[in-house]
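Asks: Okay, structure incoming, though there's no sequence with it:
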């Protein structure tokens, strides 16, 4: 628009190069006038004829004040705040509950040069899905996306029902955890291990998922329990939540030993299973888990149920997972606490969600 303002002006407005400027306008002043004029066009201000620079500047200032007032009114409206809450809480769905727990901790010793870290005992499930390459070659990107979303949706529903915390999507694989405090006792560790095993069994029911006559998705996986270190690393604008420990190396080895439809577990994991669990011994001290026995009094933790007196450490990230899957009552204190946390930590959470 600046280039369209000729020396004759537009709509009767005299430009800085006309005699009305008395020939005294500097280049910077002329540019300011042209920018002000263009900005007035943007907001729909109609310029009367024969206005000088001061009148234009005053009108521009008044118009800007009106825009500022509109912005202020919008920011104070309930709709604006509801939208802001939705944006903040949406980041909770794309980040692990265990990360939320680390961010909530106020202990300054938990931060080292801006790097959050923690150590937990957890049961970890690695699920690998085979058949995606063949499906993508034959069906193309759009149909592959549709079937992939459907398949992952079924698996995610099972994980949610068993209170699992999805740590990573690893291409066509998933890394899921059931964490408990480092100081937790054998009962809590047994609970998370059995919960993870039951979840894995339920997921394996989706093995041989039929896409088309000659396209089938298959599953295999591995389970382990032990000490895991967690780290939140990176820059303020881009972070990555990492986990490490010897358990992860063993998990990768066990996953490679599993065939379609099989679950391979460590000996430590198998020792925590209820009496009557059926397994088959393998090499390297590992075992193939065939059937997990269920004790009559045992039940897995559902994230929609809030923490109650007497619950074990298996509910370490119960509120976080419940919020991820919209299972918290919106008017509850737990829900509002999660909203407040999401708003306080929005920048840190957003750094884990890449924007392409």
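Replies: Noted; the coordinates are in hand. Small disclaimer: the values here were computed from a predicted structure and weren't measured. Residues are numbered from 1 along each chain as shown.
Asks: Just give the nearest non-adjacent residue to residue 206, would you?
Replies: residue 154 (5.8 Å; C-beta to C-beta, 6 or more residues apart in numbering). Bear in mind the C-beta positions are built from the backbone N, C-alpha and C, glycine included.
Asks: Which residue ranges of the stretch 251-356 of the chain form helices?
Replies: With DSSP state H, counting those that start in this stretch as the criterion, the stretch 251-356 of the chain has helices at 267-271, 318-324, 333-344, 346-350.
Asks: Mean neighbour count, the ones you listed: which tops it?
Replies: When the helices of the stretch 251-356 of the chain are scored by mean count of other C-beta atoms under 10 Å, the highest mean neighbour count falls to helix 318-324 (a mean of 24).
Asks: report the longest strand in this protein, please.
Replies: strand 215-234 (DSSP state E).
Asks: before we move on, back to that, which other helices and strands does the helix or strand harbouring the residue nearest to residue 206 contact?
Replies: Assigned by DSSP states H and E, residue 154 belongs to helix 132-161. Judged by 3 or more C-beta pairs under 8 Å, 6 or more residues apart in numbering; DSSP states H and E, helix 132-161 is in contact with strand 173-180, helix 186-204, strand 209-212, strand 215-234.
Asks: With mean pLDDT and distance to residue 91 added, can I get these in TSV?
Replies: Shown next, in TSV, are the helices and strands packed on helix 132-161 (pLDDT from 0 to 100; distance: least, C-beta to C-beta, whole Å):
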stretch	mean pLDDT	distance to residue 91
strand 173-180	93	19
helix 186-204	92	25
strand 209-212	85	30
strand 215-234	93	14
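Asks: Nearest to residue 317 among these would be which one?
Replies: strand 173-180 (6.3 Å; C-beta to C-beta).
Asks: now the closest one against strand 215-234, angle please.
Replies: 50 degrees (axes from the mean of the first three to the mean of the last three C-alpha atoms, to 10 degrees).
Asks: Please work out which residues outside strand 173-180 touch it.
Replies: 96, 98, 120-129, 155, 159, 163-168, 188-189, 191-193, 195-196, 199, 228, 243, 312-314, 316-317 (C-beta atoms under 8 Å, 6 or more residues apart in numbering).
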